[in-house]
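> what shape does this take:
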Amino acid sequence: MHAIVKAIGLGLGLTTSLAAPALADEATAAIYGERQLALAVDARCSLFTSGQRNALDAARLQARGLLLREGIALHALDDYARELENQAAGIACTDPAVGDLQTRVVDAYAGWVRIPAMDFPGAEFTWTASRNAMPDLPVWSIVQDQGDLKIGVSTRDGRRQLSVVLPGNESATSAILILRDMERQPTLYDATMGGTYNGPTDAPWARWTPPRFAQSRIWASGRDAGPVAATLAGTERATLFDFPMSAADALAARDPRETARIELMDRHGRVVASHYIEIGDFAAALAFLRGGDRVAMRS
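I've put the predicted structure just below:
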């Protein structure tokens, strides 16, 4: 059974008879298809600024994540995206519907870019993205709060980094972000064998984890246990580990259903703690954040 998306391009008059993947909430499939087609037309016709593309991509990625979590197969979404790209290839850039598409997206972006913050819920945790920045105060631009750990994109001194903060004086002297190596393991790795086994002891909700035989490891680039760490943790004492923004991009490139892992190590190189991170719609949160950047605006 399939749902038919009848209004592609944010309801902009472009229509399609393509069969979208079926799901309980057909509106999510429509959002995904609309944004996917709009971006495909833009790739040919250069309609939007980078900020406007980020706005479209944020909605596309959030809808994609929801579809995947509802059980739509990844290959079904990929096939659907290719069909939409083929449709876009047959639309002339001078078509009045394309001009209408551009006008409506530009108008919608003018309101979207003023949204100060947005939540991106996952299966277990939520990424909260905020465009507010304080000149002299470290802030979370994106954060997932697990109680005993916060991870996300922090902004301070006009610079962003992927950060992990833990309350208290941690004995750990370094941290590693562990992701699935997508070249060695192209598909999700189900450590629970479809629920036959439990998830990790400290994260029973984590089904798809980085396999031992295919891991990509990114080392923290800095450690802090002073006021910056305490401010980001919201406690009197905390320990902070920073990673480059390339680590945030790597996190965003993974499947929204899987997890990453943070390993904390002592000065002897021993792992003293592990924390699992739900990737969820981090990519959508990152697109939302970047979509509000003034440098993303067309000059």
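
> count of neighbours near Ile115?
13 (other Cβ atoms under 10 Å). Just so you know, the C-beta spots here come from the backbone N, C-alpha and C atoms, and that holds for glycine as well.

> so Asp148 touches Pro167, yeah?
Yes - between Asp148 and Pro167 there is a contact at 7.1 Å, judged by Cβ atoms under 8 Å.

> between these two, which has more neighbouring residues?
Between Asp148 and Pro167, Pro167 has the larger neighbour count (other Cβ under 10 Å), namely 18 against 11.

> that one and Ala225, how far apart?
To Ala225, Pro167 is 11 Å away according to Cβ to Cβ, to the nearest Å.

> which residues do these two both contact?
Overlap of the contact sets of Pro167 and Ala225 (by Cβ atoms under 8 Å, 6 or more residues apart in numbering) consists of 237-238.

> tell me the strands in the stretch 51-200 of the chain, going along the chain?
Along the stretch 51-200 of the chain, the stretches classed as strands by DSSP state E, counting those that start in this stretch are 117-121, 126-130, 139-145, 150-156, 159-167, 174-180.

> tell me the domain ranges of the protein?
What automatic domain parsing lists as the domains of the chain is 3-114, 119-286.

> can I get these in a markdown table including mean pLDDT and distance to Asp293?
Supplementary listing: the domains of the chain in a markdown table, determined by pLDDT from 0 to 100; distance: least, Cβ to Cβ, whole Å:
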| stretch | mean pLDDT | distance to Asp293 |
| --- | --- | --- |
| domain 3-114 | 80 | 7 |
| domain 119-286 | 94 | 9 |
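
> let's have these in JSON lines, adding distance to Gly292.
Formatted as JSON lines, these follow (distance: least, Cβ to Cβ, whole Å):
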{"stretch": "domain 3-114", "distance to Gly292": "5"}
{"stretch": "domain 119-286", "distance to Gly292": "4"}
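
> circling back to that earlier point, just name the most buried of the strands of the stretch 51-200 of the chain.
Burial of the strands of the stretch 51-200 of the chain is given as mean neighbour count (mean count of other Cβ atoms under 10 Å); strand 150-156 ranks first at a mean of 24.

> what's that strand in contact with?
Under Cβ under 8 Å, 6+ apart, the answer for strand 150-156 is 127, 133, 137-144, 160-166, 228, 232-233, 242, 245, 248, 262, 277, 286, 289.

> what angle separates that strand from strand 174-180?
120 degrees (axes from the mean of the first three to the mean of the last three Cα atoms, to 10 degrees).

> please save the CA atoms from strand 150-156 in CSV.
Extracted as CSV, the C-alpha positions of strand 150-156 are listed here (Å, rounded to 0.1, in the frame of the first residue of the first chain):
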residue,chain,number,x,y,z
LYS,A,150,25.5,16.5,27.7
ILE,A,151,26.7,16.4,24.1
GLY,A,152,26.2,18.7,21.2
VAL,A,153,27.6,21.8,19.5
SER,A,154,28.8,24.5,21.9
THR,A,155,29.6,28.0,20.8
ARG,A,156,32.1,30.3,22.5
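
> how far out from the middle of the chain is it?
14 Å (Cα atoms, centre = their mean, to the nearest Å).

> can you pull out the helices in the stretch 51-200 of the chain?
For the stretch 51-200 of the chain, applying DSSP state H, counting those that start in this stretch gives helices covering 74-89, 96-112.

> redo the ones you listed as TSV? Include distance to Gly195 and mean neighbour count.
Converted to TSV, those look like this (distance: least, Cβ to Cβ, whole Å; neighbours: other Cβ atoms under 10 Å):
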stretch	distance to Gly195	mean neighbour count
helix 74-89	19	16
helix 96-112	39	16
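
> dump those into CSV; add distance to Pro121 as well.
Formatted as CSV, the helices of the stretch 51-200 of the chain follow (distance: least, Cβ to Cβ, whole Å):
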stretch, distance to Pro121
helix 74-89, 19
helix 96-112, 19
